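Undergrad: Using only what follows, build the 3D model:
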Amino acid sequence: MFIKQQLKLTPKKISSWLTLVIIILTLIILIFISLFLYKNFYQTITQAKEILILREKVALDTVNMEKFNLIIDKLAKKTAPKQLDNIISPFR
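TA: Sure thing, here's the model as predicted:
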């Protein structure tokens, strides 16, 4: 036969369990707050610093858009597929 032990709740056990639950909940809340602050504040600040650094390194020369478009058009013509109309099919 099975011996059934009843759970005896004493004020000392209740207070110790309540203390443990409060400590665990506090740790979970602190972890979530830390993650929130890291994602929303720290990463934003570091990205802003990187943007400032990159702005200093941007080339200040203006681009001649006519020459740029001419080069792009020549590259497009060079890479465009050619029409193959006059090929005799060996399978006819």
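Undergrad: Low-confidence ranges, this structure, go.
TA: Along the chain, the model assigns pLDDT under 70 to residues 1-7, 59, 92.
Undergrad: Report the distance from stretch 27-47 to the chain centre.
TA: Distance of stretch 27-47 from its chain centroid, counting by CA atoms, centre = their mean, to the nearest Å, is 14 Å.
Undergrad: Same question for stretch 18-34.
TA: What separates the centre of stretch 18-34 from the centre of its chain is 27 Å, taken as CA atoms, centre = their mean.
Undergrad: List the buried residues for that stretch?
TA: Within stretch 18-34, no residue qualifies as buried by neighbour count (16 or more other CB atoms under 10 Å). From N, CA and C alone the C-beta is placed, and that goes for glycine too.
Undergrad: F32 versus the spatially most central residue of the chain, what's the distance?
TA: The centre of the chain sits closest to K39, judged by CA atoms, centre = their mean, with a distance of 10.3 Å. Per CB to CB, to the nearest Å, K39 is found 11 Å from F32.
Undergrad: what's near enough to touch the residue nearest to the centre of the chain?
TA: By CB atoms under 8 Å, 6 or more residues apart in numbering, the contact set of K39 is empty.
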